[in-house]
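K.L.:
Here's my sequence, what's the structure:
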Amino acid sequence: VGFVSEDEYLEIQGITREQSGDYECSASNDVAAPVVRRVKVTVNYPPYISEAKGTGVPVGQKGTLQCEASAVPSAEFQWYKDDKRLVEGKKGVKVENRPFLSKLIFFNVSEHDYGNYTCVASNKLGHTNASITLFEVKTTALTPWKGPGAVSEVSNGASRRAGCIWLLPLLVLHLLLKF
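P.N.:
Numbering: from 1, shown residues only. So this is what the prediction gives:
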């Protein structure tokens, strides 16, 4: 879709961010060859958060909350928990900010870390926010006596041996009947 103007200027009323980009101006007359110039049009707009999803993480593991925002000029990010701003350098937590993405990284998630966090994206034209939840995911540790198909945990070695003893006569009977 292009814009055409026979005047010395081009006026785009109600411009949107989708209309940002390169525009070409061509001037011609009957005396000389046409002159063509390109101009880049940038449309500034306040931030809007395009992606903010909650994350489930087990205690003791690394967890990351992400907040993606589109804005021109680029958004600046801040993180809050319970209306308190999280500052860089808090033990075990790191904030990584890029022009359109902010990450809140927990290196060793504890019970205290679970809850709702607020990501605030702002620039000189406005601000917006989103609530993101860090929630607990339970894990089951595998041991030599407990595997993916295990139904219950044996509490001591005697029960395990007793369970195997009744299999021995059955195995012997099976072998005798085979021969």
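
K.L.:
excluding its backbone neighbours, what's nearest the most centrally placed residue in the chain?
P.N.:
Taking Cα atoms, centre = their mean, the centroid of the chain lies closest to residue 66, which sits 3.6 Å from it. The shortest distance from residue 66 to any non-neighbouring residue, by Cβ to Cβ, 6 or more residues apart in numbering, is to residue 103 (5.4 Å). For every residue, glycine as well, the C-beta is placed using N, CA and C.

K.L.:
so what's that neighbour up against?
P.N.:
Neighbouring residues of residue 103 by Cβ atoms under 8 Å, 6 or more residues apart in numbering: 64-67, 95-97.

K.L.:
just the buried members of these?
P.N.:
The neighbour-count test (16 or more other Cβ atoms under 10 Å) marks 65-67, 95, 97 as buried among the contacts of residue 103.

K.L.:
what are the ranges of the helices in this protein?
P.N.:
157-165, 167-178 (DSSP state H).

K.L.:
Pick out the shakiest of the ones you listed, pLDDT-wise.
P.N.:
Least confident of these, judged by mean pLDDT, is helix 157-165 with a mean of 43.

K.L.:
Just name the shakiest helix or strand of the protein by mean pLDDT.
P.N.:
helix 157-165 (a mean of 43; mean pLDDT, DSSP states H and E).

K.L.:
list the contacts for residue 45?
P.N.:
Residue 45 touches 17, 71-72, 125, counting by Cβ under 8 Å, 6+ apart.

K.L.:
got any ranges where this protein has weak pLDDT?
P.N.:
Flagging of the chain using pLDDT under 70 yields the residue ranges 1-2, 89, 140-179.

K.L.:
Residue 115 reaches residue 132, doesn't it?
P.N.:
No: counting by Cβ atoms under 8 Å, residue 115 does not reach residue 132; the two are 10.1 Å apart.

K.L.:
Can you give me the distance of the closest residue to residue 58 other than its chain neighbours to residue 93?
P.N.:
Once flanking residues are discounted, residue 58 sits nearest to residue 139: 4.5 Å by Cβ to Cβ, 6+ apart. To residue 93, residue 139 is 21 Å away according to Cβ to Cβ, to the nearest Å.
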